[in-house]
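Asker: Quick one, what's the 3D model for this:
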Amino acid sequence: MRSRIGVLISGRGSNLQALLDAQSAGALGGEIAVVLSNVESAPGLALARGRGVVGVFNDHRGKPREQFDRETASILKEHGVEWVCLAGFMRLLSAELITPFAGRMVNVHPSLLPAFPGKDAQRQAWEHGVKVSGATVHLVDAGLDSGPIVMQEAVPVLDADDVETLAARILAAEHRIYPTAVARLLQEPFRVEGRRVVFGTVQ
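Answerer: Have a look, this model is predicted:
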C-alpha cells in the first residue's frame, strides 16, 4: 500500500507541481492525499484541486503558532497522512506539528546546507560571493533547516548571474531532486547517522 503524503505550501507550488508530476508518472512511491496552505489565494491550492487532490486552507492569522500547528497536524491526520512534504511553506514549525511526523517530514531548501539557512538563501549565496550553491532535501527537525540531509545537487554560480538567474537554476535543481528524494525515502530502507540519511539495509 502506498504511503499517503500531505504537502504544505504558502505560494505558487512549483515544487508541489514537481511532486504531482512524479506521482502522475508513477515515480513518487506514494500518493498525495491533501495539500494544505496557510494562504487562501495560494496558486498551489488551485493547482492541487485541478489535479484532483484535496486542497485545504487553514488561516494562521490571529492564532498562536502552537494552535495553528495543532490544527494543521489534525487536518493531516484526518486525511491519513503518513509523510509530510514542505514545499514553500513559509512558517516556522513548532513541536506540535513536527513531533507527530518525526522522521517523516521532508523539506527542500535552495542552498547547499548547512550554508545559508533561512530566508533568501539564493541572495545570501550570491551576495557572499560563493562559486557553488545548490539545493538540499532534508528531514525536518526542531532547528532552522538543520535536519539530516537526504540529497543535494550543486549549482554553479556564474560570473554573469544575478540573484534571479541563480534562483531560477537552483529551483530547477529543487524540482529534480525533491521527487527523487521523496521516492527513495518512501520506498527504500534508510537510517539516520548523525546529520546524514544513509540508504540501504537498516542495521
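
Asker: would Val34 count as being in a strand?
Answerer: Yes: assignment of Val34 by DSSP: H, G, I helix; E, B strand; the rest coil places it within a strand.

Asker: do you know how far it is from Gly52?
Answerer: Distance, Val34 to Gly52, using C-beta to C-beta, to the nearest Å: 12 Å. All C-beta atoms are positioned from the backbone trio N, CA, C, and that covers glycine.

Asker: Please apply the same query to Ala181.
Answerer: 24 Å.

Asker: Between the two, point out the one with more neighbours.
Answerer: Applying other C-beta atoms under 10 Å to Ala181 and Gly52 shows that Ala181 carries more neighbours, namely 24 against 8.

Asker: Now Asn107: closest residue in space that isn't a chain neighbour?
Answerer: Counting by C-beta to C-beta, 6 or more residues apart in numbering, Asn107 lies nearest to Leu86, which is 4.2 Å off, once chain neighbours are set aside.

Asker: Next up, the contacts around the one you found.
Answerer: Residues in contact with Leu86, defined by C-beta atoms under 8 Å, 6 or more residues apart in numbering, are 7-8, 105-108, 140.

Asker: What is the burial count for Ala33?
Answerer: Counted with other C-beta under 10 Å, Ala33 comes out at 20.

Asker: Contact partners for the nearest residue to Phe190 once chain neighbours are set aside?
Answerer: Counting by C-beta to C-beta, 6+ apart, Phe199 is the residue found nearest to Phe190 once chain neighbours are left out, at 4.8 Å. Applying C-beta under 8 Å, 6+ apart to Phe199 gives the contacts 184, 188-190.

Asker: before we move on, back to that, which of the contacts of Leu86 lies closest to Ser24?
Answerer: Val7 (14.4 Å; C-beta to C-beta).

Asker: And for the helix or strand hosting that closest one, what's in contact with it?
Answerer: If you go by DSSP states H and E, Val7 is part of strand 3-9. Contacts with strand 3-9, where a contact means C-beta under 8 Å, 6+ apart, come from 16, 19, 28-37, 42, 44-45, 48, 72, 76, 79-89, 91, 182, 186.
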